[in-house]
Each structure stands twice: as C-alpha cells, then as structure tokens.
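K.L.:
next input, structure requested:
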Amino acid sequence: MTPLIRSFRSSTKQIIIGWDYTLKQQIDLFEPLDKHKRLGDESGDGKTPLHFGHRIRKTNDCAYQKSSRGFSSVFVYIIFVFFLPRCFAAPINERHVYNVYDLKSFGDDLELFSLSHDQDSTRWAIFSSNHFSFYEFWISYEIKDGLWHKPAYTGIPTITSGKYRWTIEHNALEIELTDINHFYYSYSRNYARETVDTKKLKNRIVFGELARDSDLDGLTDLSENVIWTDPLNNDSDGDGKADGFDQNPLAAPANSLKILQRLHKHIIEQELRAMPSGQLVIVEQFDHQLMEYERDRGLILNMPSDTIDAYVNVFGWGTPILTAAVKDTLRMYKVRFQFFIAPDDAWGYEALYDWDKKRHRWIRKRIWEDWIAE
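P.N.:
Numbers count the residues shown, from 1 in each chain. Have a look, this model is predicted:
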C-alpha cells in the first residue's frame with residue numbers, strides 16, 4: 001500500500017465539556033501480577049477492596065496508585081474527563097462495581113487500571129492484559145449488576161513512558177495515547193473508541209465465560225475473535241500447529257519462496273526484530289503469498305490488503321500494520337516499507353537492496369526517501 005493513501009474508517013471526535021482530574025500512577029507492567037494480594041479497608045467504609053496486585057492509598061480525595069511491579073519507577077499521568085465536579089469519595093480500588101473482580105477470569109495477567117462511569121451512569125472498566133504477549137488496554141462496560149459486556153480490544157499498548165487521555169461520555173469511551181518517545185517511532189498516537197448502546201443487550205457475556213476455549217487450542221474464544229482465527233478449529237491455517245502455539249496462526253509455511261518474496265520476508269523480519277515489544281502486529285500479504293515470519297515474541301497476522309481494511313473497520317486504528325513492497329530493477333531490488341498505526345502515526349522508507357552471492361545475505365545499498373507522518 002502506498003504511504004497514507006489507504007482508506008480507513010475515521011473515529012468521530014466529539015467535543016467534551018467536563019472536569020479534568022489527574023491520577024498520578026507509578027507503574028511498571030513487566031513483572032507477573034501477584035493475584036493473591038489483598039488490600040485492607042483503606043476508606044473505613046467496611047468494604048474490602050478489589051485485589052489486582054496493587055498498593056493504593058488515598059491522597060487529596062483522589063487515588064494515588066502504585067503498582068507492586070518493580071522493573072522501574074516511571075510516572076504515568078492519566079487525565080480523566082468526568083461530568084461529575086469531584087472525584088469519587090472512596091479510593092479507586094474500593095469503588096462499588098459489584099463483581100468486576102471476575103475480570104480475573106480473563107487471565108492471571110490482568111491489571112485493572114480504572115473504574116468509572118459516564119453521564120448516563122454506565123459503568124466502565126479499563127484494564128490491561130498481555131493476552132497477546134504484550135500489555136495492552138482492553139475496555140468493557142457493565143450491562144447490569146455483575147453482568148459485563150465482553151471486553152473490547154483497543155490495540156493500545158500500556159507503556160510507562162506514555163500519556164493517556166480517557167474521555168468518557170454518553171455510552172462511549174475513547175482513549176488517546178501520546179508522546180511515546182521511548183519507542184523508535186517517536187511521538188506516536190494511537191486511538192481507540194468503543195461506542196455502545198446500553199438499551200440493546202446484544203453480544204453480552206458474563207466474565208465467568210471468558211476463559212472458554214471451545215477447540216482446546218490454547219487460545220480463548222475471545223482471543224480468537226480478536227486475531228480472526230476459527231474458535232471451533234484448533235488449527236486455523238492447517239499447518240499442523242494448534243493456534244495457541246503458532247506464532248503465525250493465519251499462515252502456513254510456504255513450500256518455496258521466489259527471490260522477491262525472500263527479500264520481502266527479510267525486510268519484515270528485520271523490522272520485527274527492531275520492535276521493542278511483542279505487541280500484536282499485522283503484515284500485509286505480498287505477491288499473493290501468505291507466509292510465516294519469525295520474531296522473538298508476539299503474534300503475527302498475515303493478511304491481504306482487503307482483509308486488513310475489514311479488520312480495521314472492526315477494531316479501529318492501533319494495531320501496527322507492516323508493509324514491504326519489493327520490485328526488481330534489473331540491477332538491484334527496490335523496497336518500499338511502511339509502518340502504519342494511524343494516518344498521523346506512520347513512517348517508512350524506500351531503499352535499494354542487493355544480494356551478496358559470496359556471503360549469501362542481503363545488503364542495503366542506500367535509502368533515498370525516509371518519511372514520518374505529521
């Protein structure tokens with residue numbers, strides 16, 4: 001696909017007039033969650049708090065939340081937009097959310113980030129999980145007491161160096177992630193928006209059912225809904241590996257690759273190795289050939305361009321899409337690479353490559369166009 005030409009569905013931005021509050025959180029998300037930790041009754045209301053492996057104390061009538069994980073000490077500033085002119089009276093871990101702790105059935109890697117509600121009193125849960133080998137945000141809302149809508153995957157990574165703005169309004173929630181200067185693609189922006197109609201109780205599920213794995217392939221049915229594998233077939237691509245143990249669950253190994261396909265594979269794997277995380281990624285199919293790619297960790301979804309468009313229409317922007325087009329110029333090979341997250345969050349380059357016959361490796365001769373979306 002050509003840079004920034006692909007048509008994606010745009011999330012409609014709405015102007016929100018409300019009250020801003022800031023919760024200062026000291027967080028690290030790379031140590032396994034201790035699911036057995038419990039907290040005391042810090043607000044003195046007689047209720048024990050939810051237990052998600054956090055230590056939380058009350059400061060200035062808002063919540064100061066410190067994770068029990070100790071990889072590094074980084075402050076993440078999270079700005080909430082509420083329609084209420086004050087913070088909740090009780091600490092964040094003691095807000096009355098009925099059985100929201102059933103979120104734990106989504107996996108032991110779960111970390112609850114926030115509990116809040118919009119103007120229509122719809123209650124929201126924002127949490128992170130490394131369901132796909134990298135901590136990312138998922139969101140859900142409460143349909144009625146103890147019954148929650150199945151989590152929606154945002155594709156937004158949970159990064160300690162990022163700033164997040166969560167906008168809550170009528171039956172809708174939007175997350176914006178900015179200033180990810182820790183990554184090699186600096187100043188990235190990811191967007192996610194979940195709009196619901198609480199009067200239509202379709203597609204509802206209780207959290208006790210979230211661990212269901214109908215085909216026993218190691219992936220929950222919810223996961224297979226996100227990565228578009230078949231929840232009733234334990235080997236969606238027919239390569240002999242169960243989906244839960246297949247790094248490329250949508251593509252079987254190719255019998256043989258032509259020279260252009262081999263260069264395409266080299267470029268993609270080179271960029272995958274350079275990524276600082278195992279975040280779920282999509283690779284656009286090249287030359288009508290689905291193929292497998294190797295990376296240190298994380299899933300890879302290989303899709304044709306029309307399937308990628310359909311995927312984005314369902315899940316929105318946020319999941320990185322890697323494209324590498326290769327052309328033979330008779331003397332050398334021309335490569336056009338693009339790393340796409342959103343129209344204002346993309347970068348790429350064009351370069352010339354040659355094959356070193358003596359050392360049996362690809363050599364990049366030069367890059368003549370290097371661009372970053374503004």
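K.L.:
OK, contacts around Arg257?
P.N.:
No, residue 257 isn't Arg; it's Leu. Applying C-beta atoms under 8 Å, 6 or more residues apart in numbering to Leu257 gives the contacts 265, 289, 291. The way it works is simple: take the backbone N, C-alpha and C, and place the C-beta from them, glycine included.
K.L.:
tell me what the second one is bridged to.
P.N.:
When you say that, I think you mean Gln289. Phe286 (DSSP bridges).
K.L.:
count of residues packed around it?
P.N.:
16 (other C-beta atoms under 10 Å).
K.L.:
one step back: reformat the contacts of Leu257 as a markdown table; add pLDDT and distance to Arg361.
P.N.:
Formatted as a markdown table, those follow (pLDDT from 0 to 100; distance: C-beta to C-beta, whole Å):
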| residue | pLDDT | distance to Arg361 |
| --- | --- | --- |
| Lys265 | 96 | 13 |
| Gln289 | 88 | 22 |
| Met291 | 94 | 19 |
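K.L.:
redo these as JSON lines? Include distance to Gly240.
P.N.:
Formatted as JSON lines, the contacts of Leu257 follow (distance: C-beta to C-beta, whole Å):
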{"residue": "Lys265", "distance to Gly240": "20"}
{"residue": "Gln289", "distance to Gly240": "19"}
{"residue": "Met291", "distance to Gly240": "16"}
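K.L.:
of the residues you listed, closest to Asp309?
P.N.:
Closest approach to Asp309 among the contacts of Leu257 (C-beta to C-beta): Gln289, at 19.1 Å.
K.L.:
shouldn't the closest one be in contact with Gln261?
P.N.:
Yes: counting by C-beta atoms under 8 Å, Gln261 is a contact partner of Gln289 at 5.8 Å.
K.L.:
shared neighbours, these two?
P.N.:
With C-beta under 8 Å, 6+ apart, Gln289 and Gln261 have common neighbours Ala254.
K.L.:
what's in contact with the longest helix anywhere in the chain?
P.N.:
In the chain, assigned by DSSP state H, the helix with the most residues is helix 259-274. Applying C-beta under 8 Å, 6+ apart, the contact partners of helix 259-274 are 184, 254, 257, 281, 283, 286-287, 289, 291, 293-296, 300, 322, 324-328, 333, 335, 337, 339, 353, 355, 362.
K.L.:
domain parsing for this structure?
P.N.:
According to automatic domain parsing, the chain comprises the domains 19-211, 247-372.
K.L.:
these: lowest mean pLDDT?
P.N.:
Of all those, the minimum mean pLDDT falls on domain 19-211 (a mean of 46).
K.L.:
report the buried residues of the helix or strand hosting Val226.
P.N.:
For Val226, the host element (DSSP states H and E) is helix 221-227. Of all the residues in helix 221-227, those buried under the rule 16 or more other C-beta atoms under 10 Å are 221-224, 226-227.
K.L.:
before we move on, what about stretch 229-244?
P.N.:
Neighbour counts over stretch 229-244 (16+ other C-beta under 10 Å) mark 229, 231, 234-237, 241-244 as buried.
K.L.:
any idea which of those residues is closest to Ala310?
P.N.:
Using C-beta to C-beta, Thr229 is the member of these that sits closest to Ala310, with 15.0 Å.
K.L.:
hmm, the closest one is touching Lys241, no?
P.N.:
No: between Thr229 and Lys241 there is no contact under C-beta under 8 Å: 11.6 Å.
K.L.:
just to revisit the earlier point, put together JSON lines for the buried residues of helix 221-227, with pLDDT on each row.
P.N.:
As requested, the buried residues of helix 221-227 are arranged in JSON lines below (pLDDT from 0 to 100):
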{"residue": "Asp221", "pLDDT": "81"}
{"residue": "Leu222", "pLDDT": "74"}
{"residue": "Ser223", "pLDDT": "80"}
{"residue": "Glu224", "pLDDT": "87"}
{"residue": "Val226", "pLDDT": "83"}
{"residue": "Ile227", "pLDDT": "89"}
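K.L.:
among the contacts of helix 259-274, which are in strands?
P.N.:
Among the contacts of helix 259-274, the members falling in strands (DSSP state E) are 281, 283, 300, 322, 324-328, 333, 335, 337, 339, 353, 355, 362.
K.L.:
for Glu374, state which of these is nearest.
P.N.:
The shortest approach to Glu374 among these belongs to Phe339, at 15.1 Å (C-beta to C-beta).
K.L.:
and the closest one, how far is that from Thr154?
P.N.:
19 Å (C-beta to C-beta, to the nearest Å).
K.L.:
which of the two has more neighbours?
P.N.:
Looking at Phe339 and Thr154 with other C-beta under 10 Å, you find the greater number of neighbours at Thr154, namely 27 against 23.
K.L.:
before we move on, which element is the more buried one in?
P.N.:
Going by DSSP H and E, Thr154 is in strand 152-157.
K.L.:
now the one helix or strand Ile139 maps to - C-alpha only, PDB.
P.N.:
If you go by DSSP H and E, Ile139 is part of strand 136-144. Only the C-alpha atoms of strand 136-144 are listed here, as PDB (Å, rounded to 0.1, in the frame of the first residue of the first chain):
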ATOM      1  CA  GLU A 136      -2.400  -3.600  26.000                       C
ATOM      2  CA  PHE A 137      -5.600  -1.900  27.000                       C
ATOM      3  CA  TRP A 138      -9.000  -3.600  26.900                       C
ATOM      4  CA  ILE A 139     -12.300  -2.000  27.900                       C
ATOM      5  CA  SER A 140     -15.700  -3.100  29.000                       C
ATOM      6  CA  TYR A 141     -18.900  -1.700  30.400                       C
ATOM      7  CA  GLU A 142     -21.500  -3.000  32.900                       C
ATOM      8  CA  ILE A 143     -24.800  -4.100  31.400                       C
ATOM      9  CA  LYS A 144     -26.400  -4.600  34.800                       C
END
